[in-house]
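Engineer: fold the stuff below for me.
(chains A, B, C and D)
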There are 2 protein chains.
Amino acid sequence: MGFDRELVKGTTATVVLRLLREREMYGYEMVKEVNARTGGLFKWKEGTLYPCLHRLEVDGLLRSHWREAPNGKKRKYYRITAKGLAELARRTEEWKQFAGGVNVLLLGKTG
Amino acid sequence: MGFDRELVKGTTATVVLRLLREREMYGYEMVKEVNARTGGLFKWKEGTLYPCLHRLEVDGLLRSHWREAPNGKKRKYYRITAKGLAELARRTEEWKQFAGGVNVLLLGKTG
DNA sequence: TGACATGCATAGAACGGCGAGGTATACTAT
DNA sequence: ATAGTATACCTCGCCGTTCTATGCATGTCA
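Structural biologist: Model prediction:
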């Protein structure tokens, strides 16, 4: 990740949910997408993402289906569920509060 | 912690260093201080803090000394070292970048 | 006397990221 | 032909961190 591993924990699943709110995507695509959107700041690994996707699907926050790509590759597309959307909202709010708290403590920012 | 356990990881040590940049403190005091500064948002536990303090001391980022309090209790005060200050700067910068990245991904904020 | 706050500490469980490894296909350059 | 790179999926086991639970000792207050 480039960042301290521990810093990353807890945000990965939330980011996945957020990506899938925009459109359905497949795993490999998400890795590239996140790395691109952050200008290489985030460097997601497949060893992190795939288990994460499986957990989210087991929990009913995502649903997946296979589709063949023009290049002949099989892709597993993920779509967010209603439950996933609710969870995303909850986690996003939690992140805001948490980041706000850390900013107060580290940077002295009020709010 | 109140928050998702995983979200907290990686920030505890940094916050400790930041607190000790202001003045020397003892463990129990830090717990109360953090909980107070965040208005109860953060709920540090002793089982989290003490091992953290020990690690930081082993790593040479903190130094400790015992002192007796007016109430008769023995307190272990911690002071940040020069190495600790450097590490604090590094970690603070890392937090800013990381939080910025997450904000871009989750909230679409540019920067 | 019993509860609660102060103040230190540790052991074990739980959990997520990641390095390393594996499978398979397709395209490109030598 | 063949080696390399990109695409695309996956799993295993290590590691570090937090939390729960527990323990000790003291002082205060109802």
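
Engineer: so which bits of chain A are right by chain B?
Structural biologist: Applying C-beta under 8 Å from any C-beta of the partner chain, we find that chain A lies next to chain B at A:3-11, A:14-15, A:18-19, A:34, A:37-38, A:41-42, A:91-92, A:94-107. (Glycine included, C-beta is placed from N, CA and C.)

Engineer: got a ChimeraX select line for the buried ones in these?
Structural biologist: In ChimeraX, a selection of the buried entries from the residues of chain A next to chain B looks like this (16 or more other C-beta atoms under 10 Å in any protein chain shown):
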select /A:3,4,7,8,9,10,11,14,15,18,19,34,37,38,41,42,91,92,94,95,97,98,99,101,102,103,104,105,106
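
Engineer: which of the residues of chain A next to chain B fall in helices?
Structural biologist: Among the residues of chain A next to chain B, the ones falling in helices (DSSP state H) are A:5-8, A:14-15, A:18-19, A:34, A:37, A:91-92, A:94-107.

Engineer: contacting DNA strand C as well, which ones from those?
Structural biologist: Among those, the residues within reach of DNA strand C (C-beta under 7 Å from any atom of the strand) are A:5, A:8.

Engineer: what residues does chain A have near DNA strand D?
Structural biologist: Counting by C-beta under 7 Å from any atom of the strand, the residues of chain A lying close to DNA strand D are A:5-6, A:26-29, A:32, A:46-47, A:50-51, A:53-54, A:69, A:71, A:73-76.

Engineer: mark which of the residues you listed are buried, thanks.
Structural biologist: Neighbour counting over the residues of chain A next to DNA strand D (16+ other C-beta under 10 Å) leaves A:26-27, A:53, A:75 as the buried ones.

Engineer: can you pull out the low-pLDDT segments for chain A?
Structural biologist: For chain A, the stretches with pLDDT under 70 are A:1, A:110-111.

Engineer: residues from it in reach of DNA strand C?
Structural biologist: Contact residues (C-beta under 7 Å from any atom of the strand) of chain A with DNA strand C: A:1, A:3, A:5, A:8-13, A:44-48, A:51-52, A:55, A:71-73.

Engineer: closest to A:Leu62 among the buried ones among the residues of chain A next to DNA strand D?
Structural biologist: Using C-beta to C-beta, A:Leu53 is the member of these that sits closest to A:Leu62, with 6.8 Å.

Engineer: quick one: that closest one is in a strand?
Structural biologist: No: assignment of A:Leu53 by DSSP: H, G, I helix; E, B strand; the rest coil gives helix, placing it outside any strand.

Engineer: pretty sure it contacts A:Tyr78?
Structural biologist: Yes: applying C-beta atoms under 8 Å, one finds A:Leu53 in contact with A:Tyr78, separated by 6.2 Å.

Engineer: any shared contact partners between the two?
Structural biologist: Among the neighbours of A:Leu53, those also in contact with A:Tyr78 (C-beta atoms under 8 Å, 6 or more residues apart in numbering or on different chains) are A:27, A:62, A:64.

Engineer: any chance of these in TSV, plus distance to B:Glu87 and secondary structure?
Structural biologist: Output for the shared contacts of A:Leu53 and A:Tyr78, formatted as TSV (distance: C-beta to C-beta, whole Å; DSSP: H, G, I helix; E, B strand; the rest coil):
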residue	distance to B:Glu87	secondary structure
A:Gly27	35	helix
A:Leu62	38	strand
A:Ser64	42	strand
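
Engineer: good, we can wrap up now.
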